[in-house]
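>>> got a predicted structure here, sequence first:
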2 protein chains.
Amino acid sequence: MNDRFLRACRREPVDRTPLWIMRQAGRYLPEYRKLRSRVGFLDLCRTPDLAAEVTLQPLRRFPLDAAILFSDILLPLDAFGIRMTFSPGPKIAEPIRSRSQVDALHAQPAAQVVPFVADAVRLLRRELAGQVPLIGFCGAPFTLAAYLVQGEGKEGFGAVKRMLFAEPATLEALLEKLAVAMVDYLRLQVHAGVQAVQIFDSWAGILDDADYRRFALPYVSQIVDGVKDLSVPIIYFVNGAPHLIEAAAGSGANVLGVCWRTPLDEVARRVGPEMALQGNLDPHVLFAEPATIRARAADVLRCMSGRPGHIMNLGHGILPETPIASVEALIDAVHHFAETEASCAT
Amino acid sequence: MNDRFLRACRREPVDRTPLWIMRQAGRYLPEYRKLRSRVGFLDLCRTPDLAAEVTLQPLRRFPLDAAILFSDILLPLDAFGIRMTFSPGPKIAEPIRSRSQVDALHAQPAAQVVPFVADAVRLLRRELAGQVPLIGFCGAPFTLAAYLVQGEGKEGFGAVKRMLFAEPATLEALLEKLAVAMVDYLRLQVHAGVQAVQIFDSWAGILDDADYRRFALPYVSQIVDGVKDLSVPIIYFVNGAPHLIEAAAGSGANVLGVCWRTPLDEVARRVGPEMALQGNLDPHVLFAEPATIRARAADVLRCMSGRPGHIMNLGHGILPETPIASVEALIDAVHHFAETEASCAT
């Protein structure tokens, strides 16, 4: 089995830096667009063999070092009976704005609400047959709350910040319920067979350090604490948060994933040697010429050269308009870099 | 005349920290909403006595230490014949996506294109009669380009980043033309009477340090260099860019304005003693109880206590839903802090 990814998560030596790509199963792939033209997004997520098929599409095309379950961070919120649509962004039917709405939320077990996720994981483990590890994931409580309170994706997510200042106890009650539900959801995935998990905190960067340490970080740590007995590597991805790197390093996760804004050598200095790092090529670099893509990818790899524990990735999800040839150039850069730098390795 | 604001820009001693509020003339004021209910946004900007009236509205209500001309950063793009609408966000009729479009842009003099801005400034200087200084402003070239290329405000402004990597020379040609036009536009404002200028770089934070130093900062410096002979303080406000603070400090501006993400004492350490700082209370704090607003405002003031050159402000524009009582609590905090801390001042 290709265990580069898992070894890098544990900061063990690897023959070359492993690579996977956030949203690697997605709209930049013609085979994904073809399937989506006849199946809705939620149906895709909820049908195990289709979710598994989409998960495997990028692996058939590219020699990536990990698969990640095709799903969406908002799906397990079905556990609370929250209704939503995707077109293509999420839209919550009734945004959560009041204490009474929060108090009325009671989570059903993930195994009852999203059994299709566990089914897709089991199917994928069989189909992958040890080829590469399978990553599961969930949203971080603050990011989930940002969507639930706003009701949709919106620049700045003002509604959740308004709640944070106007009704902090309401937000805390919501975050606590989300954290408990995400522990249950990740445990379901691990029991079904995922070999690592990633917690996506896409919107924590709208908080300053003090608010982040009160309203975001503790609930991430609660999830980490709730799954660490399962002994799978835990990746915490925090987006758009160059000011929160030191704080984010305290989540308890094994790996910190960051966006492209901060060079990884600086991130490494700021978090210390105990964490593996994941990232962080700007996804827009994939619109450049292949030579530029290779050079910028090598810059990222060089930042972590000689430090154990690097998982190469983009700093955010791959964009739908990305050319396939750009992904090939990225893969080439990662594979080629390992060869040319071999003389420097111990 | 109340010259606290101008003195703080020059890092001279002041009796108390001056305060103004980004978007202080705007939708949170009932008198503004009343006027807007019968006049469109662009008509308001383009009619000198209405623009002046709106500029003065917050000054009649609150003892603020500066006025800022009511306008929009996209208005001077009329100089290039770019057509746009606001509903309420800007929408560019034909987004700039190609080299041929950029090459076809030829700027008309601001004095011919936006004479109403100069008229409003002259009117305001008469009406203000030295009560407080009047601030003029423009957009930073990268931020203007972000709108021009995207065609509208959109989270992440992917289109301009795609151009940056796919056609960097096209973006540079656009930025150069925008910088030249903004120098002309700011000079028009200063000649008409504004006593300080602010350059708004709302979207530079989507760049990493290297790209910022190539595609954003040089064009800000070009504007600074183009107006510094006029001897008015220049404020450079860079939003959402905690990773760019050191770089942004090199713009040549007198004052650096930052969003709420980084505490001002940290900003002060990172930029050194030569710059005044402006900001940076989180605008969402104004949804909290008055006691919390006062405490959080005092936290900001305390960060800069004893360091000359602080202009109190929010870290971003005041939000439309902000209660008037919250603005009063903020003002009270600034005035009260000066009194209670008087014994510490030299």
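Thanks, I have it. Residues are numbered from 1 along each chain as shown, chains lettered A, B, ... in the order given.

>>> need the contact list for A:Glu127.
If you count contacts by Cβ atoms under 8 Å, 6 or more residues apart in numbering or on different chains, A:Glu127 has them with A:Ala52, A:Leu56. Every residue, glycine included, has its C-beta placed from N, CA and C.

>>> same thing with A:Asp43?
A:Asp43 neighbours (Cβ under 8 Å, 6+ apart): A:Leu50.

>>> try it again with 10 Å
A:Arg36, A:Leu50, A:Ala51 (Cβ atoms under 10 Å, 6 or more residues apart in numbering or on different chains).

>>> in TSV: those residues, plus pLDDT and secondary structure.
TSV is the format used below for the contacts of A:Asp43 (pLDDT from 0 to 100; DSSP: H, G, I helix; E, B strand; the rest coil):
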residue	pLDDT	secondary structure
A:Arg36	96	helix
A:Leu50	98	helix
A:Ala51	98	helix
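
>>> which among those residues gets closest to chain B?
Nearest to chain B among the contacts of A:Asp43 is A:Arg36, at 20.1 Å by Cβ to the nearest Cβ.

>>> now that closest one: closest residue in space, sequence neighbours ignored.
Counting by Cβ to Cβ, 6 or more residues apart in numbering or on different chains, the nearest residue to A:Arg36 once its immediate chain neighbours are dropped is A:Leu44, at 6.8 Å.

>>> who in the stretch 1-150 of chain A is up against chain B?
A:Gly89 (Cβ under 10 Å from any Cβ of the partner chain).

>>> give me the residue from the stretch 1-150 of chain A nearest chain B.
A:Gly89 (10.0 Å).

>>> so who does that residue touch?
Contacts of A:Gly89 by Cβ under 10 Å, 6+ apart are A:Tyr147, A:Glu152, A:Gly153, A:Lys154, B:Glu155.

>>> now those residues: which count as buried?
Among the contacts of A:Gly89, the ones that count as buried by 16 or more other Cβ atoms under 10 Å in any protein chain shown are A:Tyr147.

>>> can you redo the contacts of A:Gly89 as TSV with distance to B:Pro13, pLDDT and secondary structure?
Below are the contacts of A:Gly89 laid out as TSV (distance: Cβ to Cβ, whole Å; pLDDT from 0 to 100; DSSP: H, G, I helix; E, B strand; the rest coil):
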residue	distance to B:Pro13	pLDDT	secondary structure
A:Tyr147	48	96	helix
A:Glu152	49	91	strand
A:Gly153	47	88	coil
A:Lys154	43	86	coil
B:Glu155	42	82	coil
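
>>> which element follows the helix or strand harbouring A:Gly257 toward the C-terminus?
Element membership for A:Gly257 (DSSP states H and E) is strand A:255-258. Once the chain leaves strand A:255-258, the next helix or strand it forms, by DSSP H and E, is helix A:264-271.

>>> count of residues packed around A:Ser121?
To be clear, residue A:121 is Val; Ser isn't right here. A:Val121 has 26 neighbours, counted by other Cβ atoms under 10 Å in any protein chain shown.

>>> quick check, it in a strand?
No: A:Val121 is assigned helix when assessed by DSSP: H, G, I helix; E, B strand; the rest coil, not a strand.

>>> then stretch A:146-162 to PDB, C-alphas only?
Extracted in PDB, the C-alpha atoms of stretch A:146-162 (Å, rounded to 0.1, in the frame of the first residue of the first chain):
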ATOM      1  CA  ALA A 146     -21.400  30.500  10.100                       C
ATOM      2  CA  TYR A 147     -23.500  28.700   7.400                       C
ATOM      3  CA  LEU A 148     -26.300  27.900   9.800                       C
ATOM      4  CA  VAL A 149     -26.700  31.400  11.100                       C
ATOM      5  CA  GLN A 150     -26.100  33.200   7.800                       C
ATOM      6  CA  GLY A 151     -28.300  30.700   5.900                       C
ATOM      7  CA  GLU A 152     -25.900  30.700   2.900                       C
ATOM      8  CA  GLY A 153     -22.400  31.300   1.900                       C
ATOM      9  CA  LYS A 154     -21.800  35.000   2.100                       C
ATOM     10  CA  GLU A 155     -18.600  37.100   2.100                       C
ATOM     11  CA  GLY A 156     -17.800  38.000   5.700                       C
ATOM     12  CA  PHE A 157     -20.600  35.800   7.200                       C
ATOM     13  CA  GLY A 158     -21.800  38.800   9.200                       C
ATOM     14  CA  ALA A 159     -24.800  37.100  10.800                       C
ATOM     15  CA  VAL A 160     -22.700  34.700  12.900                       C
ATOM     16  CA  LYS A 161     -20.400  37.500  14.000                       C
ATOM     17  CA  ARG A 162     -23.400  39.500  15.000                       C
END
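
>>> I'd say A:Ile245 and A:Asn280 touch.
No: with contacts counted by Cβ atoms under 10 Å, A:Ile245 stays clear of A:Asn280, the gap being 11.4 Å.

>>> A strand includes A:Met312, no?
Yes: counting by three-state DSSP, one finds A:Met312 located in a strand.

>>> got the buried residues for stretch A:239-259?
A:239-245, A:247-249, A:251, A:253-259.

>>> no no, stretch A:260-279
A:260-264, A:267-268, A:271, A:275-279.

>>> now the phi/psi pair for A:Phe86, please.
phi -130, psi 130 (degrees, to the nearest 10).

>>> my guess is it meets A:Arg46, correct?
No: contact between A:Phe86 and A:Arg46 fails when scored by Cβ under 10 Å: they sit 11.8 Å apart.

>>> between those two, which one's more packed in?
A:Arg46 (19 against 14).

>>> list the contacts for that one?
For A:Arg46, the contact set (Cβ under 10 Å, 6+ apart) comprises A:Gly40, A:Ser71, A:Leu75, A:Asp78, A:Val114, A:Pro115, A:Phe116, A:Val117, A:Asp119, A:Ala120.
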